[in-house]
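Undergrad: Okay, predicted coordinates and the sequence, questions at the end:
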Protein chains: 2
Amino acid sequence: MLDVTVYDIAREAEVSVSTVSRVLNGTAPVKASTRQKVLALIEKYQFQPNGLARSLLKKVTGTIGIVIPDINNPFFPEVFTGAENALREKGYTFFLCTTHGNFEYESQYLALLREKQVDGILFLGGRINQRHCPPDLAQELEDLNRRIPIVLVNGDLPGSSFHRVFIDEHRGAELATQHLIDLGHRHIGFIGGEPEITATTEKIAAFEQTLAVNGLSSRPEWMLLGDFSIGCGMRRMEELLALPERPTAVFCVNDFVSVGVIKTAFDHGLRIPADIAVVGFDDTVLAASTTPELTTISQRSKELGETSVRVLLQLIQKRRVRKHTVLEPVLKIRRSTVDGLNAAAGQLSQLSEPCG
Amino acid sequence: MLDVTVYDIAREAEVSVSTVSRVLNGTAPVKASTRQKVLALIEKYQFQPNGLARSLLKKVTGTIGIVIPDINNPFFPEVFTGAENALREKGYTFFLCTTHGNFEYESQYLALLREKQVDGILFLGGRINQRHCPPDLAQELEDLNRRIPIVLVNGDLPGSSFHRVFIDEHRGAELATQHLIDLGHRHIGFIGGEPEITATTEKIAAFEQTLAVNGLSSRPEWMLLGDFSIGCGMRRMEELLALPERPTAVFCVNDFVSVGVIKTAFDHGLRIPADIAVVGFDDTVLAASTTPELTTISQRSKELGETSVRVLLQLIQKRRVRKHTVLEPVLKIRRSTVDGLNAAAGQLSQLSEPCG
DNA sequence: ACACCACCTGAAATCGGTTTCATTCGCCAT
DNA sequence: ATGGCGAATGAAACCGATTTCAGGTGGTGT
């Protein structure tokens, strides 16, 4: 009863629905007087056209699906923010789908997104990896990509032909490792990350390669994996500190893990960076909230979101886009590796806006 | 060409679309042999019914809009997680809309959500407040509520009749303040928050009332507002420390602000809690990542999300629900107010899962 | 007076499903 | 043989918009 349609408007205005539609979209000239009449009714009933009906016909929904593993890791909200900002004025809306790294959820959400006719999908499945991703999900994703444009963000599915946007994680890990070496560290550990995931393996490869280039090497007992959580950082750091010989620095797979590492180091009365230096990865808001602030690798998360969604938009408009877009990571040097920096030097950009 | 419809299936199976639809939904008996034929074709073409067409007819989309001010404040992702968990198995999807506290964005998103025919809306607009919210947005929201079920989460619009789910912020602020007083503090400051927003005013009211009950009172120069950011915490703490006389404890409007306060205190060589105790609000992941960990008030964010969405679901199903649902806040005592707690006592629930 | 065009409008098809209504068919009881 | 019933199916209406196509009207140029 509260729902007004073009037919209701047309009837009351004593015109046809075609005319109402033309007033709505300006697709053809309409006599000023009838336009006024129609507009008045639209205003009167607060009429808003039903997007489902329109989308059904036009085959465009103005809707994008974003699939991420974990919304509680601040990295992903930042990517989301970038995507949203890039498309805000175009009137897109976003389905946010959190999978918790669960393949069943992923599969379920992909089906739902297809059913709801999204125009495109941003897939930030950290789990995508040749060895780990089950063949059926890979297949499913590829099939889906034949119907709906998909952009893989910071992930890969070797042997497939997805469009991808990602930062050069190898380079990022190299920057981090070289930074520690340049500071004089010779004994460096690596903490965190699931061993099946690209985000872990890439970093380890670059880590060991950079050590080698500098005539150093990693020690198996200092390579402590797990997952991407704070708790993992705490536990692995406990284990590390229990060893007879300790590294003087650790490189963590992400900021979450770094937070755990710092907490545990602090609990053991260690000073950071004097006793142990810590480098993270992602440059999320967490990096700004630890004491001392965390040296980390910026993934330029907002830009990543913006760029990804721009690529997706090109695909949606059937324009040609290069398959891969790579962003350069940036090393953010803060007090978890270099003592005595003043706070301003920390490049904590998120803290510089005025307040109140 | 890749898009298969019920008509295509029907033609190839030599049945009518009605039959295909019946196979799809099991709404009427279909002979086993024809069912098989249809199912085989559905499998062959990976057919999936078009949700737009279905929703258009059924007037249900299985879609919910969630409007939040800031996705980069970890509190909101936690609420979102709760909502998603509660509705996952029902196959709902969520439009996530971030407004940055911008009324224009809010208005724009509300229109979009209506156009896209969401079944309901969770509105977490921290800005909703009798004095501050512009009358037209208030009006808009109320009009919308006549067409679409809306639940206000942690917000209010006095004089209106929305369904609301919220935690008792007054009680939360009381718990925080009393905790500091019980620890022996007599000089307590308040930092952060925009003065127009309920989340600020409620806390201030409870703060001052609790002081009064204990025979204490606030000092205007120790009430330093601003916004809800880390940067605000830093700046206001600088100002506070520049005063000739300082409080021995501060209560912050949220965890973000607390982080800034702790950072600045640390930069000035102050020890927490010995020189200054800090209490936050929200119990986000940030509270676990500071050194020392932050004593804070848990808003039980995931439960808040779950509960809100449950209420919303009731409304969608036109069942009767009580207008207001209130959650009790919980004080989480950690090392930013009490020295020498061991880490396990911190109740950092998010750190207790196994890893790897 | 006639042809032409620009402007304005409406009827009807369309998008891809679901659902109602009517019909056919086979089977069983009387 | 016949009436009745339930299972199985198809035709057609419907949801709410957009768009094509086909007029109708009025003004202008010759």
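TA: Nice, I can see it.
Undergrad: Right, and DNA strand C sits closest to which residue of the stretch 101-250 of chain A?
TA: Proximity of the stretch 101-250 of chain A to DNA strand C (CB to the nearest atom of the strand) peaks at A:Q117, 8.9 Å away. To be clear about C-beta, it is placed using only N, CA and C from the backbone, and glycine gets the same treatment.
Undergrad: so who does that residue touch?
TA: Shown in contact with A:Q117 (CB atoms under 8 Å, 6 or more residues apart in numbering or on different chains): A:S55, A:K59, A:T61, A:T63, B:N50, B:G51, B:L52.
Undergrad: Filter those residues down to the buried ones, PyMOL style.
TA: The following PyMOL line selects those of those that are buried, judged by 16 or more other CB atoms under 10 Å in any protein chain shown:
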select buried, (chain A and resi 55+61+63) or (chain B and resi 50+51+52)
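Undergrad: Could you list which of the contacts of A:Q117 also contact DNA strand C?
TA: A:K59, B:N50 (CB under 7 Å from any atom of the strand).
Undergrad: DNA strand C: which of the contacts of A:Q117 is nearest?
TA: Among those, and counting by CB to the nearest atom of the strand, the member closest to DNA strand C is B:N50, at 3.5 Å.
Undergrad: And the residue nearest to the closest one when sequence neighbours are not counted, how far from B:V23?
TA: Nearest non-adjacent residue to B:N50, counting by CB to CB, 6 or more residues apart in numbering or on different chains: A:Q117, 6.5 Å away. Distance, A:Q117 to B:V23, using CB to CB, to the nearest Å: 22 Å.
Undergrad: The residue nearest to A:E328 when sequence neighbours are not counted: how many residues sit nearby?
TA: Residue nearest to A:E328 in three dimensions, not counting chain neighbours: A:D168, with 6.2 Å by CB to CB, 6+ apart. Residues lying near A:D168 (other CB atoms under 10 Å in any protein chain shown) number 16.
Undergrad: residues near the residue of the stretch 201-350 of chain A found nearest DNA strand D, how many?
TA: Closest approach between the stretch 201-350 of chain A and DNA strand D, counting by CB to the nearest atom of the strand: A:Q317, at 15.9 Å. By other CB under 10 Å, 10 other residues sit near A:Q317.
Undergrad: Report pLDDT for it.
TA: On pLDDT, A:Q317 comes in at 96.
Undergrad: ditto for A:S349
TA: For A:S349, pLDDT reads 51.
Undergrad: Check A:R127 too.
TA: 57.
Undergrad: that older thread, which element is the residue nearest to B:N50 on?
TA: Using DSSP states H and E, A:Q117 falls within no helix or strand.
Undergrad: Now do the phi/psi pair for it.
TA: As for A:Q117, its main-chain torsions (degrees, to the nearest 10) stand at phi 60, psi 40.
Undergrad: ditto for A:R164
TA: Torsion angles, degrees, to the nearest 10, at A:R164: phi -130, psi 140.
Undergrad: Wait, A:T34 touches A:S16, no?
TA: No. If you go by CB atoms under 8 Å, A:T34 and A:S16 don't touch, sitting 10.4 Å apart.
Undergrad: In contact with the residue in the stretch 51-200 of chain A positioned nearest to DNA strand C, which residues?
TA: Residue nearest to DNA strand C within the stretch 51-200 of chain A: A:L57 (3.8 Å; CB to the nearest atom of the strand). In this structure, A:L57 makes contact with no residue, judged by CB under 8 Å, 6+ apart.
Undergrad: Check whether the host helix or strand of it comes near DNA strand D.
TA: Element membership of A:L57 [criterion: DSSP H and E] is helix A:51-58. Yes. Counting by CB under 7 Å from any atom of the strand, contacts between helix A:51-58 and DNA strand D involve A:A53, A:R54, A:L56, A:L57, A:K58.
Undergrad: How about the helix or strand just after that helix and chain B, touching?
TA: With elements assigned by DSSP H and E, the helix or strand that comes after helix A:51-58 is strand A:63-68. Yes. Using CB under 8 Å from any CB of the partner chain, a contact is recorded between strand A:63-68 and chain B, made by A:T63.
Undergrad: by how many degrees do the following helix or strand past strand A:63-68 and strand A:63-68 diverge?
TA: Remark: after strand A:63-68, the chain's next helix or strand is helix A:75-87, criterion DSSP H and E. Interaxial angle, helix A:75-87 versus strand A:63-68 (axes from the mean of the first three to the mean of the last three CA atoms, to 10 degrees): 160 degrees.
Undergrad: more crowded one of A:T34 and A:S16?
TA: Using other CB under 10 Å as the criterion, A:T34 and A:S16 rank with A:T34 on top: 16 against 13.
Undergrad: per-residue pLDDT, the residue nearest to the more buried one when sequence neighbours are not counted?
TA: With CB to CB, 6+ apart as the criterion, A:T34 has its nearest non-adjacent residue at 5.8 Å, and that residue is A:V15. A:V15 is assigned 95 on the pLDDT scale.
Undergrad: OK, contacts around A:V15?
TA: By CB under 8 Å, 6+ apart, the contact list for A:V15 reads A:T34, A:K37, A:V38.
Undergrad: Find the helix or strand that the residue nearest to the last one when sequence neighbours are not counted is a member of.
TA: Nearest in space to A:V38, with sequence neighbours left out and distances taken as CB to CB, 6+ apart, is A:V23 at 4.5 Å. When secondary structure is defined by DSSP H and E, A:V23 falls within helix A:17-25.
Undergrad: That helix: how far from the chain's middle?
TA: Mean C-alpha position of helix A:17-25 versus that of the full chain (CA atoms, centre = their mean, to the nearest Å) differs by 40 Å.
Undergrad: What residues of it count as buried?
TA: Within helix A:17-25, the residues that qualify as buried by neighbour count (16+ other CB under 10 Å) are A:T19, A:V20, A:S21, A:R22, A:V23, A:L24.
Undergrad: okay, the residue of chain A found nearest DNA strand C: pLDDT?
TA: Among the residues of chain A, A:P29 lies closest to DNA strand C, at 2.8 Å counting by CB to the nearest atom of the strand. On pLDDT, A:P29 comes in at 90.
Undergrad: Can you name the residues in contact with the host helix or strand of A:E202?
TA: Assigned by DSSP H and E, A:E202 belongs to helix A:198-213. Helix A:198-213 has contacts (CB under 8 Å, 6+ apart) with A:126, A:128-129, A:154-156, A:169-174, A:176-178, A:181, A:188, A:190, A:192-195, A:217-218, A:223, A:225, A:228, A:251, A:253-254, A:281.
Undergrad: before we move on, what about stretch A:311-323?
TA: With CB under 8 Å, 6+ apart, stretch A:311-323 has contacts from A:64, A:87, A:119-122, A:149, A:151, A:161, A:163-165, A:325.
Undergrad: just checking, A:F76 touches A:I68?
TA: Yes. Judged on CB under 8 Å, A:F76 makes contact with A:I68 at a distance of 4.5 Å.
Undergrad: Please identify every residue contacting each of the two.
TA: Counting by CB under 8 Å, 6+ apart, the residues touching both A:F76 and A:I68 are A:L124.
Undergrad: Buried residues of stretch A:104-124, list them for me.
TA: Under the neighbour-count criterion of 16+ other CB under 10 Å, stretch A:104-124 has A:105-110, A:112-124 buried.
Undergrad: picking up where we left off before, tell me the mean pLDDT for the helix holding A:L57?
TA: 97.
Undergrad: what's the angle from that helix to helix B:51-58?
TA: 130 degrees.
Undergrad: Now do helix A:51-58 and helix A:17-25, the angle between them.
TA: Angle of helix A:51-58 versus helix A:17-25, following the same axes, to 10 degrees, is 100 degrees.
Undergrad: ok, back up a step: can you say which of the residues of helix A:51-58 next to DNA strand D are buried?
TA: A:A53, A:R54, A:L56.
Undergrad: which regions of the stretch 51-200 of chain A lie under the pLDDT threshold?
TA: Within the stretch 51-200 of chain A, the stretches with pLDDT under 70 are A:126-132.
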